[in-house]
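J.: Predicted model and sequence follow; I will ask about them next.
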Amino acid sequence: GLSLSAQVLVTIQDDLPSGESRVRPGVATLNQTARLPRNVFVSATLGTFTANRYGVDLEARAYLRNGRWSAGAELGRTGAVRYGREGWSRFPLDASTVLADVAAPRDRYDLVVRTTAGSFLGAQQGARLDVVRRFGELEIGWFVLRSREGSNGGVTLRIPLPPADHASPALVRLRV
């Protein structure tokens, strides 16, 4: 379906570069997802993805062998954006992302293993391995990344904010 997501950021501590607005937009995206035949899903997103990047992102994912495997591809094009006291400053779309991945979910352990390769943001070519385990809505993961620029690794932790209830389906839903 179609979804619109928007955030408003309010500065509590002002360590921002001069000229930044204390109240400013955060992530704001418009996303359309569609299911195609043979368990293929496509998604197109446009908007501001972080506090300083805007653009467009296209994704496709095929689920194989009754969901035991999935393969995906992602193409993105972004540019720099800034919201200051004078308003928006946008710069040309100058960075591409081209990625392909294969994922293997293991329902028995609530575990997903995913490997991704391609050209990450900033034209860094490399590969990434993610292992994520779910405990209800809590997720704990590990990753390693290797690119021409170097290596990185770490832990990811996703903790849902309260309330744990999901909003009822409606035209507009407000969520934490």
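T.: The structure has been received and is ready for your questions. The model shown is predicted, which means the values in this text are computed figures rather than measured ones.
J.: got the contact list for the most centrally placed residue in the chain?
T.: What sits nearest the mean C-alpha location of the chain, by Cα atoms, centre = their mean, is residue 49, with 7.7 Å. For residue 49, the contacting residues are 27, 29, 55, 57, 78, by Cβ atoms under 8 Å, 6 or more residues apart in numbering. Every residue, glycine included, has its C-beta placed from N, CA and C.
J.: same thing but at 10 Å, please
T.: Going by Cβ atoms under 10 Å, 6 or more residues apart in numbering, residue 49 touches 27-29, 55-57, 76, 78, 81, 121.
J.: Dump these to JSON lines, plus distance to residue 42 and secondary structure.
T.: Formatted as JSON lines, the contacts of residue 49 follow (distance: Cβ to Cβ, whole Å; DSSP: H, G, I helix; E, B strand; the rest coil):
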{"residue": "27", "distance to residue 42": "21", "secondary structure": "strand"}
{"residue": "28", "distance to residue 42": "21", "secondary structure": "strand"}
{"residue": "29", "distance to residue 42": "16", "secondary structure": "strand"}
{"residue": "55", "distance to residue 42": "17", "secondary structure": "strand"}
{"residue": "56", "distance to residue 42": "13", "secondary structure": "strand"}
{"residue": "57", "distance to residue 42": "11", "secondary structure": "strand"}
{"residue": "76", "distance to residue 42": "14", "secondary structure": "strand"}
{"residue": "78", "distance to residue 42": "19", "secondary structure": "strand"}
{"residue": "81", "distance to residue 42": "25", "secondary structure": "strand"}
{"residue": "121", "distance to residue 42": "21", "secondary structure": "coil"}
